[in-house]
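> Provided below are the primary sequence and the corresponding predicted coordinates.
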Amino acid sequence: MSATSVTCPLKINYMAKDKNLTDLQKIGLNIKKYRVQKNYTQENLAYDADISNRTIQRLENGHNDAKVSTLLKISRILKINAKDLLDL
């Protein structure tokens, strides 16, 4: 595992606790944090969740409200609890 892979989730986790971020941005950063920790690309996650890559991009950037069904799909694929994605 490269140094970038190890430090990236820590940066993302720190940023998710930033009080200036919107709730959507925090959820997006949580999705990205767990996706990176589980070694998924956006493309792989989108394929496995049967949603578009653009949807993953927009969720991670805090531009889209996520449907509950989408969050549940993502959490199942990443093998995490859905509430972890909502940890604000």
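Here it is on my side, so go on.
> distance of Lys83 from Asn30?
Counting by CB to CB, to the nearest Å, the separation of Lys83 from Asn30 is 10 Å. For the C-beta atoms, the positions are set from N, CA and C on the backbone; glycine is no exception.
> next helix or strand past the lowest-mean-pLDDT helix or strand in the chain?
Ranked by mean pLDDT, DSSP states H and E, the weakest helix or strand in the chain is helix 3-16, scoring a mean of 47. Using DSSP states H and E, the helix or strand that follows helix 3-16 towards the C-terminus is helix 23-37.
> now the element after that following helix, going C-ward?
Counting by DSSP H and E, what follows helix 23-37 is helix 42-49.
> so what touches the helix or strand just after that following helix?
Using DSSP H and E, the next helix or strand after helix 42-49 towards the C-terminus is helix 53-60. The contact list for helix 53-60 (CB atoms under 8 Å, 6 or more residues apart in numbering) reads 27-29, 31-32, 35, 42-43, 45-46, 49, 64, 66, 70.
> cool, and stretch 75-88?
By CB under 8 Å, 6+ apart, stretch 75-88 touches 16, 23, 26-27, 30-31, 34-35, 38, 40, 45, 48-49, 71-72, 74.
> write a PyMOL command that selects only the buried members of those residues.
To isolate the buried members of the contacts of stretch 75-88 in PyMOL, using 16 or more other CB atoms under 10 Å:
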select buried, resi 16+26+27+30+31+34+35+40+45+49+71+74
